Structure formats: C-alpha cells, structure tokens
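J.: the following block contains a protein sequence and its predicted model.
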Amino acid sequence: MILNRRVLALVAAVALLPATGCSAGRGGAKAMPQGPAASPSPAASPGPVLAAPAAPSASQAPPPVGWALSDIPVFPPAPPPRPITLPRSGSVPYLSRIPTDQPVAFITIDDGFIRSPEAPKLLAAARVPVTLFLTTDAIRDDEPYFARLQQHGAVIEAHTITHPQLRGRSYAFQSHEICGSADRLGHLYGRRPVLFRPPFGTRDATTLRAAHDCGIDAAFMWKETVHKGKVRYQEGKAVQRGDIILMHFRPAFVKDFLAALRAIHRAGLTPALLEDYIPRRPAARVSPSGRTG
C-alpha cells in the first residue's frame with residue numbers, strides 16, 4: 001500500500017511538469033519588438049544611442065510575412081548626390097521636391113505610432129535609404145525599434161513632440177515642439193535632426209523661423225502619398241525627379257513600402273537619401289536648448 005501511494009505521487013508530479021515549466025513561445029507575425037534595451041557604454045558611442053536587439057542569424061530569422069524578395073524592384077545605383085543651394089535667411093525653406101535633374105526620388109516615413117515587425121526586414125532586403133520623421137510621443141513605448149531601422153539605412157529627423165497643428169500657434173509653442181523633438185531624438189539616436197516635417201504638412205512663417213532657430217536646415221511637404229498600397233499623385237501620374245514621397249508607420253506598411261518602391265522603379269528613378277541633397281548651414285550653432293547662436 002505504501003509503495004502504491006509513492007508510485008501515484010510520482011505519477012502526479014510528472015503530470016504537473018508541463019504546467020509549471022517555462023515556455024519559450026515564439027512570437028507570431030504580428031508580435032511587436034521587445035522593449036528598450038540597455039544603452040551602450042559611453043566609450044562605444046559619442047551619444048547615448050539605444051542598443052538595438054541582436055539580429056537573428058539567417059537560420060533563425062522568421063520568413064517574411066506578406067512579401068517576398070521577388071516583390072522588391074532592383075534599382076541601379078544612385079548617382080553621386082549634388083546638394084542644392086539653400087537661401088540664407090532667418091527661416092528654413094519648405095520643399096516638396098528637391099530641384100534636381102538627377103534620376104532620384106526620396107522615401108520619407110512619418111510618425112511612428114504603429115511599428116510593423118516587417119519593416120526592419122524590408123529595409124534590409126530593399127537596401128534603399130529612407131528618412132524617418134518621428135514624433136517623440138509616438139515612439140516612447142518602443143524607442144529601440146527605430147535604432148534597428150537605423151542599422152538598415154534609415155536616417156531619423158524631427159516631426160514634433162505631440163504632433164499638433166502648428167500653424168497659427170505662438171513662436172514659443174512651435175519652438176518647444178520642434179526643438180524639444182530634435183533634442184530628444186538626438187539624445188536617443190546619437191545624431192540631432194537637421195530636417196523637419198510639420199504635422200499635417202501645415203506651417204506658417206513662425207514655423208519656418210522657429211525651425212531655423214532650432215538648428216533645422218529645411219522643412220518638407222511631399223509630392224506623393226502612399227496609403228493602403230495605393231500611390232496618390234499631386235501632379236501627373238508618375239513620380240518625377242526629386243519628388244518626396246510620404247508614407248506612414250501604419251498597418252499597411254508592407255503594401256505601402258512596396259508600392260512606393262514600384263512607383264519609383266516605374267518612373268525610371270532610384271531611391272536616394274534626402275539628407276545628401278540638403279547642405280548644412282555652416283553658421284548654425286545649436287545650444288542645449290535647441291536655439292541657434
């Protein structure tokens with residue numbers, strides 16, 4: 001009887017093991033990236049750049065979801081950039097197209113509210129430069145995610161703190177939104193933004209003056225937008241040389257990114273880096289508060 005009780009107890013303990021053990025379940029296609037990782041030591045970087053999670057090896061990486069390598073157009077190399085000339089004044093220019101005769105177009109991605117797990121893989125596979133205009137409040141719950149995109153050619157620029165309508169607001173309000181976002185992004189990603197996009201594309205003279213005083217070199221509108229995989233044109237039916245294309249971090253990121261690439265490819269153009277065409281203002285000296293001196 002005592003032996004039987006011991007056997008029954010052992011069987012019961014074995015049966016409980018799966019219920020109490022740790023499970024390393026795999027994240028599905030919709031799983032979001034992990035939370036903030038530890039920052040590197042000061043010796044590793046000139047700024048407190050957030051450390052991105054280590055990339056999985058080819059054998060460990062999950063397959064693409066919603067796209068394949070064959071969906072990505074093949075582009076010729078971008079030509080050596082020829083930076084434009086910016087006017088020297090107390091405000092920044094507001095551009096929707098780079099005035100260039102080179103066969104290039106520019107992909108820009110706004111906000112950061114929704115973070116597709118496919119975006120890092122897509123950027124790595126496409127190997128094209130993109131500019132991210134990030135809203136700092138939008139990215140606060142997963143800031144290291146955008147450090148991963150930096151590893152694949154993305155350059156981070158400013159898009160305010162809270163994404164407000166700027167036009168008609170005071171200089172103090174607009175300066176706080178622009179300088180504050182640039183300061184925060186510079187702290188997070190090791191490079192202070194020098195380009196700016198006002199939310200909704202709306203601005204006034206105060207916006208452009210505040211941006212200038214915050215150390216920004218140029219502000220941007222767009223010529224094409226991409227939403228739910230459809231490209232919408234302001235002029236004609238094709239991307240033109242120097243056009244700036246706008247998309248967002250939205251649920252249809254994969255469709256939107258591929259649609260932007262295909263539109264550029266159909267036009268016989270190559271994606272280029274917007275920052276390469278905007279010269280730095282040599283006299284710009286930005287204080288810790290963001291104001292130039």
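T.: Thanks, I have it.
J.: what about Trp67, distance to Leu95?
T.: 31 Å (C-beta to C-beta, to the nearest Å). From N, CA and C alone the C-beta is placed, and that goes for glycine too.
J.: with Tyr189 instead?
T.: Using C-beta to C-beta, which is the criterion applied here, Tyr189 is 23 Å from Leu95.
J.: so if I had to pick from the two, which one is more boxed in?
T.: Using other C-beta atoms under 10 Å as the criterion, Tyr189 and Leu95 rank with Tyr189 on top: 25 against 21.
J.: just confirm that one contacts Ile156, I think it does.
T.: Yes. Tyr189 is within contact range of Ile156, at 5.1 Å (criterion: C-beta atoms under 8 Å).
J.: quickly list what's touching both of those two.
T.: 146, 150 (C-beta atoms under 8 Å, 6 or more residues apart in numbering).
J.: name the helix or strand for Asp137, please.
T.: helix 136-139 (DSSP states H and E).
J.: so for that helix, mean pLDDT?
T.: The pLDDT scores in helix 136-139 average 97.
J.: got the CA coordinates for the helix or strand just after it in CSV?
T.: Counting by DSSP H and E, the next helix or strand C-terminal to helix 136-139 is helix 144-150. Taking C-alpha atoms only, helix 144-150 is exported to CSV below (Å, rounded to 0.1, in the frame of the first residue of the first chain):
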residue,chain,number,x,y,z
PRO,A,144,14.9,50.8,-29.7
TYR,A,145,12.7,49.7,-32.7
PHE,A,146,13.9,52.7,-34.7
ALA,A,147,17.5,52.0,-33.8
ARG,A,148,17.0,48.8,-35.7
LEU,A,149,15.9,50.7,-38.7
GLN,A,150,19.0,52.9,-38.5
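J.: helix 144-150 packs against which elements?
T.: Counting contacts by 3 or more C-beta pairs under 8 Å, 6 or more residues apart in numbering; DSSP states H and E, helix 144-150 packs against helix 119-126, strand 130-134, strand 154-158, helix 171-189.
J.: what average pLDDT does the longest one get?
T.: For helix 171-189, mean pLDDT is 98.
J.: swap in stretch 112-122?
T.: Rounded mean pLDDT across stretch 112-122 is 95.
J.: centre of the chain to that stretch, how far?
T.: 9 Å (C-alpha atoms, centre = their mean, to the nearest Å).
J.: for it, buried residues please.
T.: In terms of neighbour count (16 or more other C-beta atoms under 10 Å), stretch 112-122 has its buried residues at 112, 115-122.
J.: please apply the same query to stretch 96-104.
T.: Buried, per 16+ other C-beta under 10 Å, within stretch 96-104: 96-98, 100, 102-104.
J.: tell me how many other residues crowd Pro76.
T.: Pro76, neighbours per other C-beta under 10 Å, totals 9.
J.: leaving out chain neighbours, which residue sits closest to it?
T.: Thr270 (5.8 Å; C-beta to C-beta, 6 or more residues apart in numbering).
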